[in-house]
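Participant: got a sequence here, can you model it:
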Amino acid sequence: MSSAPTPMMAQYLALKKEAGECLLFYRMGDFFELFFEDARKASAVLDIALTARGEHGGEPVPMCGVPVHSAEGYLARLIRAGCRVAIAEQVETPDEAKARAKREGSPVSKALVKRDIVRFVTAGTLTEEALLEPRRANMLAAVCEVRGVCGIAACDISTGRMELEECEVLALNAALARIGASEVVAPEDWDAAPAEHVARPASDFSSEKGEARLKSLHQVATLDGFGQFTRAMLAAAGGLVAYLDHAGRGQLPLLLPPVARPHGGYMAMDEATRTSLEILASQSGGREGSLIAAIDRCSTGAGARL
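Facilitator: Below is the predicted model of the structure:
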């Protein structure tokens, strides 16, 4: 019979359940530790040592860790490798943990510091300059279908810009190729969802909730002053804001009022055509030799992304 998990491991497993498919950075002193499959995956991506700590279910627990003071560099490598990361920080001091244990009648010597996930770090929700590509917009897109039409909400949270549009279902991939999103969010169990996407509850993609979220976010009674938005656009906006709220654990980034991109107002082209025209990257895949490299004279990364 296997022994019950230690209090620390029980806390970790509860947080890992909440983190889902994200790698869990579990703060222990001056290090973020990863365990089990998270440790195996992170050690391979980061090329760091895989060790073990204690046992669970009669087997050694794989573990690896990175220093807190240099975590940004490791996060950048994980994000570039397609990973998403949940950051679990200590939300009380050891003294506060001991005082809480005393109030609860628990052994003070075994008091475990509370931890909570304070943020999800994903490709489309980066704000740190060290993690962003200096001269490329970092777009997050949410897509959904309402009555046979696709709504698209896209934003770059490093600049706050948000655009809403709609298109035919068959034109969705071309629209996403134009946006060049680092991360795409879509309702779970949607058959027409893009191949690479983060599945979120379908209830987040409600036009009524989307309209209410935007009104609350910008403290207005009506969205008429911002433009005319269709139900599909508002549903996608609802999914986008809900995901940002989830990633920031209730702390939303600065978002500017949404702008409606007129349907049919721009020439649509598929990804192969955009690649051939070398608009954002040359045929070799680099920025040098592309149209954007020829016209970009911005002095700062933030300006170039804008």
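
Participant: flag the shaky bits of the stretch 201-306 of the chain, pLDDT-wise.
Facilitator: The model of the stretch 201-306 of the chain has pLDDT under 70 over residues 264-265.

Participant: check contacts around Ala281.
Facilitator: Ala281 makes contact with 275, 287, 290, according to Cβ atoms under 8 Å, 6 or more residues apart in numbering. Yep, even glycine has a C-beta here, placed from its N, CA and C like the rest.

Participant: host element of it?
Facilitator: Ala281 belongs to no helix or strand when assigned by DSSP states H and E.

Participant: number of nearby residues for Met269?
Facilitator: By the criterion of other Cβ atoms under 10 Å, Met269 has 15 neighbours.

Participant: so what's it up against?
Facilitator: For Met269, counting by Cβ under 8 Å, 6+ apart, the contacting residues are 174, 177-178, 277.

Participant: so for the residue most central in space within the chain, what's the pLDDT?
Facilitator: The C-alpha lying nearest the average C-alpha coordinate of the chain belongs to Thr122 (Cα atoms, centre = their mean; 3.1 Å). What the model reports as pLDDT for Thr122 is 93.

Participant: one more: Val113?
Facilitator: Confidence at Val113, expressed as pLDDT, is 91.

Participant: the helices in the chain, which residues?
Facilitator: Taking DSSP state H, the helices of the chain run over residues 7-19, 36-46, 71-80, 94-104, 172-179, 207-218, 231-247, 271-277, 291-295, 301-305.

Participant: mind putting these in CSV, mean neighbour count included?
Facilitator: Listed next are the helices of the chain as CSV, based on neighbours: other Cβ atoms under 10 Å:
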stretch, mean neighbour count
helix 7-19, 15
helix 36-46, 18
helix 71-80, 17
helix 94-104, 13
helix 172-179, 19
helix 207-218, 18
helix 231-247, 25
helix 271-277, 13
helix 291-295, 12
helix 301-305, 15
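
Participant: among the ones you listed, which comes closest to Arg135?
Facilitator: helix 301-305 (3.9 Å; Cβ to Cβ).

Participant: quick one: distance of that closest one to the chain centre.
Facilitator: Between the centre of helix 301-305 and the centre of its chain there are 20 Å (Cα atoms, centre = their mean, to the nearest Å).

Participant: how many other residues sit next to the closest residue to Glu33 other than its chain neighbours?
Facilitator: Leaving aside its chain neighbours, Glu33 sits nearest to Gly65 (4.4 Å; criterion: Cβ to Cβ, 6 or more residues apart in numbering). Around Gly65 there are 23 other residues, counting by other Cβ under 10 Å.
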